[in-house]
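>>> give me a 3D structure for the following:
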Amino acid sequence: MNPPAVLQTPGFAHYSLAWSPFYNTRLALASSANFGLVGNGRLHIVSLVPGPAGPTLKLDKHFESQDGLYDVAWSEAHENHLVTASGDGSIRMWDIMLDNLAIAAWQEHTKEVFSVDWSNIQKDIFVSSSNSLSLTSPTKWKPDRPRSIVTLQAHHACVYQALFSPHQPDLVATCSTDGTLKIFDLRSPAYASGPGTNTFTNPLSAAVLTVPASPSEILTLDWNKYRPFILATGSVDRMVKVWDCRMVKTSGDPQIGAACETSLPGHEYAVRKLQWSPHTPDILATASYDMTCRIWSTTPMGPQPALRYIHDAHTEFVVGCAWSLYDEGLLASCSWDSRLNIFRP
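Here you go, the predicted model:
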C-alpha cells in the first residue's frame, strides 16, 4: 500500500469528516480546539490533489465557529452547502463559496449536538441528534423555516448518532447511551394532540423497533447501503455488531429485539465511528479510541479472517472514517492528533 495522503491542522483535533456527494476529490472536516472540551471550532474544506508521486491533500479554506464542531454533513441538494453540529447546541449551515459567516442557524438543542445527517432520498431535509434527550429532525431548507419540522423523544439518554435510511425516506435509526438501537418511522404521529397539548412540549416516542444492542453505550451506527434493514453498531465495550432488523424476536420484555447477524471483536478500546462501504455490501470500516482504523469483511470466505486491514498511522483517538463515494477502496480517517489521512488499503 502507498503511504497515506496527510493533512495536518495544528491546534484543532478532528471529530468528523464527510466526502462531497458532488465532487469526488472534496471533503469537509469538523474539528475543535482543546479536543472539544473548551474553545472554538473550525470547519475545513479539503481537496485531494492527484500527483505523480501519489495524491496530496490541500486545504482550500476554513470557517471559524464559537464552539467546537462535532459533525458535518454535505447538502444533497446544493453542491456548496453543508451543515455542522456544535458543542453549544447550535446547528449551522454554511456556503463554502462565501466568507466566514453561516447562512442559517438553529438553536433548538439545549446541549451538544453530536451528529447531523442529510437525507439522500428526500434531499431537502436532514436529521440531528443531541445530548438534550431528544432527537430533532430539521428541516426542509427554506429561509422562512426557523424551527425543526419533527421532534422525537428518542431515548432517555444522550443520542450519539441519527441516520436516515438510504432505502426508505421516512426511516431514521438512532443509537444512545442507553445501549439501544432504535428505528423511527417519521410517518407515525410524533406529537400528542388534544386539549392542553402542543407540538413542542408533548412529543411522543415513535420508535417502531428497539434493539437492546449492547450492555454499554453505543457510539455509532450505519445502515448497509445494499441490504435494507441491516445495520452495524459500535460501542464502548469494543464490539462491532451487525443486526438484521427483519429477524424480529420478542420476549416478555416490552422492547423488541433483532437478530445479531455478526459480531466483530478486535478493537482494544471503544469503537467511535463506523461506515459501510458504498461499493461493496459486506465491507465495513471502523475507527476506535485504540488509535486504529480497521476494515472488516462481514461474510468471510473459508479460512480468511473477518479483519482485513489495520491502519495504525494515527497517534491519538481515531474518531472518524468515511469511504469515498466515487473511488472504490479509498478511505479517509481523522483523529484527535489533528491529522486527516486518506489511504487505499
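
>>> so where's the stretch 151-300 of the chain uncertain?
189-206, 249-257 (pLDDT under 70).

>>> which residues in the stretch 1-150 of the chain form strands?
For the stretch 1-150 of the chain, the strands defined by DSSP state E, counting those that start in this stretch cover 5-8, 12-19, 26-33, 41-49, 56-65, 69-74, 81-86, 91-95, 104-106, 113-118, 126-130, 135-137, 150-152.

>>> all helices of this structure, in order?
With DSSP state H as the criterion, the chain has no helices.

>>> nearest to S324, out of the strands of the stretch 1-150 of the chain?
strand 12-19 (5.7 Å; C-beta to C-beta). Bear in mind the C-beta positions are built from the backbone N, C-alpha and C, glycine included.

>>> partner strands of that closest one, parallel or antiparallel?
strand 26-33 (antiparallel) (DSSP bridges).

>>> residues contacting the strand it pairs with, please?
9, 11-20, 39-48, 60, 67-72, 74, 82, 84-85, 87, 322, 332, 334, 338, 340 (C-beta atoms under 8 Å, 6 or more residues apart in numbering).

>>> ok, of the strands of the stretch 1-150 of the chain, where does mean pLDDT dip lowest?
Ranked by mean pLDDT, the strands of the stretch 1-150 of the chain end with strand 135-137 at the bottom, a mean of 47.

>>> just the strands in the stretch 201-345 of the chain please.
207-212, 218-223, 230-235, 240-249, 257-264, 271-276, 283-288, 293-297, 307-311, 318-323, 331-335, 339-343.

>>> quick one, which of those gets closest to I121.
Closest of the strands of the stretch 201-345 of the chain to I121 is strand 218-223, at 11.7 Å (criterion: C-beta to C-beta).

>>> give me the angle between the closest one and strand 113-118.
0 degrees (axes from the mean of the first three to the mean of the last three C-alpha atoms, to 10 degrees).

>>> could you list every helix and strand that strand 218-223 packs against?
strand 159-164, strand 171-176, strand 180-185, strand 230-235, strand 271-276 (3 or more C-beta pairs under 8 Å, 6 or more residues apart in numbering; DSSP states H and E).

>>> out of the strands of the stretch 201-345 of the chain, which gets nearest to L163?
So among the strands of the stretch 201-345 of the chain, strand 218-223 is nearest, using C-beta to C-beta, at 6.1 Å.

>>> alpha carbons of the closest one, as CSV, please.
Extracted in CSV, the C-alpha atoms of strand 218-223 (Å, rounded to 0.1, in the frame of the first residue of the first chain):
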residue,chain,number,x,y,z
ILE,A,218,-23.5,2.7,21.6
LEU,A,219,-21.4,5.5,20.0
THR,A,220,-22.1,4.9,16.3
LEU,A,221,-24.2,3.1,13.7
ASP,A,222,-24.7,2.8,10.0
TRP,A,223,-27.2,1.4,7.5
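
>>> okay, now the sheet partners of that strand, with direction.
strand 230-235 (antiparallel).

>>> circling back to that earlier point, export the helices and strands packed on strand 218-223 to TSV and tack on mean neighbour count and distance to V242?
Shown next, in TSV, are these (neighbours: other C-beta atoms under 10 Å; distance: least, C-beta to C-beta, whole Å):
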stretch	mean neighbour count	distance to V242
strand 159-164	24	15
strand 171-176	26	13
strand 180-185	22	11
strand 230-235	26	5
strand 271-276	24	9
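
>>> out of the ones you listed, flag the one nearest M291.
strand 271-276 (10.7 Å).

>>> give me the helices and strands touching the closest one, please.
Applying 3+ C-beta pairs under 8 Å, 6+ apart, one finds that strand 271-276 makes contact with strand 218-223, strand 230-235, strand 283-288, strand 318-323.

>>> identify the residues contacting that strand?
Counting by C-beta under 8 Å, 6+ apart, 16, 219-225, 232-236, 238-240, 283-289, 317-323 sit against strand 271-276.
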